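Asker: Please find the sequence and the predicted model below.
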Amino acid sequence: MRRRAVAFAATFTLVAGAAHAMPARARTAGPPTSAELSTTTRLPDRRAVVIGDRFYSVSTEDGLYPAAGWHTLGEMGGFWTPPLKLLDGMWFGVGGQWLGGAQARAESFTAGQGYTRIAYDTGGVKVERTDVAPDGVRAGLIGLRLTSPTARTVRLDVDAHSELMTAYPWGSTTPDQKAANLPDTGAYENGVLAFRERGTPKVPGATAHDFAAMVAADRTPAAHRLGAGYRGPQDPPVICPSTGTTPDRCDDTDFGKGTGGQLSYDVKLPAGHGTTVWLAVAGSDHGTAEARSALSAA
């Protein structure tokens with residue numbers, strides 16, 4: 001996990017440098033021309049970050065969510081609305097094939113100013129995934145553009161696994177994140193996966209809290225499921241210990257106390273014309289009303 005943190009830092013510096021490398025005339029004459037950087041190599045090893053002023057997400061450049069970070073070991077990736085983590089990740093299955101998995105590996109990754117884009121080919125349906133974090137709202141958006149050479153209806157499965165926790169305390173503080181983090185609960189409400197953590201940690205000085213995370217699309221799901229897993233191709237997860245030696249790659253650590261769910265959609269694809277499904281992730285450390293408002297805004 002430390003090696004991958006270094007890879008992320010290098011990639012992020014490169015993207016930031018690209019913006020600063022524009023000529024002075026381009027920076028001052030008007031709105032800047034969008035700069036993009038693309039790669040097709042080592043996508044599972046490179047970190048991808050999408051940042052707004054109230055939301056950010058961290059994944060790998062193939063669109064998966066291995067455990068990342070060391071302040072609280074393995075829990076610093078996923079979807080965040082500071083100071084709160086919302087989800088370990090979201091995963092997408094198209095026609096039974098998980099994007100980023102063995103049957104539908106990512107073909108390319110592109111980073112632009114405020115967004116990322118990943119291309120996949122499932123062997124019949126091409127998918128372009130775009131992640132963006134709009135400013136001013138505690139939510140992020142993921143757009144999946146699906147294109148088929150023939151008319152068909154394809155099943156889109158969306159897995160989400162919650163991990164409602166604050167950025168601090170860390171795994172090594174006293175008290176640590178194990179003591180502060182409480183178990184999440186999951187529910188389905190009118191097309192929305194709703195995750196919640198409520199209670200008072202049994203640590204000195206702790207107060208009651210109400211954390212919420214919500215996931216929904218721009219259409220009504222055909223089915224939904226709830227359960228302990230739901231991590232796409234990372235299910236069942238490799239759970240690493242919170243201390244001691246860890247494998248090269250983990251999906252979660254024993255700091256985690258989240259839960260999961262799935263939303264499924266039947267998407268009609270006309271021949272040769274792309275159809276885009278937009279999904280939103282939103283949350284709040286002030287209860288469900290604020291999280292639902294952010295979801296609606298997104």
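Answerer: Looks like it arrived, so ask away.
Asker: Residue 224: what's it in contact with?
Answerer: 188, 193, 261, 262, 263, 264 (Cβ atoms under 8 Å, 6 or more residues apart in numbering). Heads up, the C-betas are built off the backbone N, CA and C, glycines and all.
Asker: got it, and residue 77?
Answerer: 58, 59, 65, 66, 67, 68, 69, 88, 89.
Asker: just these now: which is nearest residue 239?
Answerer: residue 67 (8.8 Å; Cβ to Cβ).
Asker: what's the single longest strand in the protein?
Answerer: strand 152-166 (DSSP state E).
Asker: mean confidence for that strand?
Answerer: For strand 152-166, mean pLDDT is 97.
Asker: Give the buried residues for that strand.
Answerer: 154, 156, 157, 158, 159, 160, 161, 162, 163, 164, 165, 166 (16 or more other Cβ atoms under 10 Å).
Asker: Test my guess that the third one contacts residue 264.
Answerer: By that I understand residue 157. Yes - counting by Cβ atoms under 8 Å, residue 157 does reach residue 264; the two are 5.0 Å apart.
Asker: circling back to that earlier point, from the contacts of residue 224, list the buried ones, please.
Answerer: If we count by 16+ other Cβ under 10 Å, the contacts of residue 224 have these buried: 193, 261, 262, 263.
Asker: hey, what's the residue nearest the centre of the chain bridged with?
Answerer: What sits nearest the mean C-alpha location of the chain, by Cα atoms, centre = their mean, is residue 89, with 4.2 Å. When assigned by DSSP bridges, residue 89 has beta-bridge partners residue 161.
Asker: Would you point out the helix or strand in the protein whose mean pLDDT is lowest?
Answerer: helix 2-20 (a mean of 37; mean pLDDT, DSSP states H and E).
Asker: returning to that earlier point: now the two most distant members of the buried residues of strand 152-166.
Answerer: Distance extremes for the buried residues of strand 152-166: the farthest pair is 154 and 166 at 38.4 Å, using Cβ to Cβ.
Asker: thinking again about what came up before, any chance of the contacts of residue 224 in a markdown table, plus pLDDT and secondary structure?
Answerer: Shown next, in a markdown table, are these (pLDDT from 0 to 100; DSSP: H, G, I helix; E, B strand; the rest coil):
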| residue | pLDDT | secondary structure |
| --- | --- | --- |
| 188 | 98 | strand |
| 193 | 98 | strand |
| 261 | 98 | strand |
| 262 | 98 | strand |
| 263 | 98 | strand |
| 264 | 98 | strand |
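Asker: which residues of the stretch 51-200 of the chain fall in strands?
Answerer: All strands of the stretch 51-200 of the chain, identified by DSSP state E, counting those that start in this stretch, fall at 56-60, 78-81, 84-94, 97-98, 106-112, 115-121, 126-132, 139-147, 152-166, 185-189, 192-199.
Asker: For residue 287, find the nearest of the ones you listed.
Answerer: strand 192-199 (8.7 Å).
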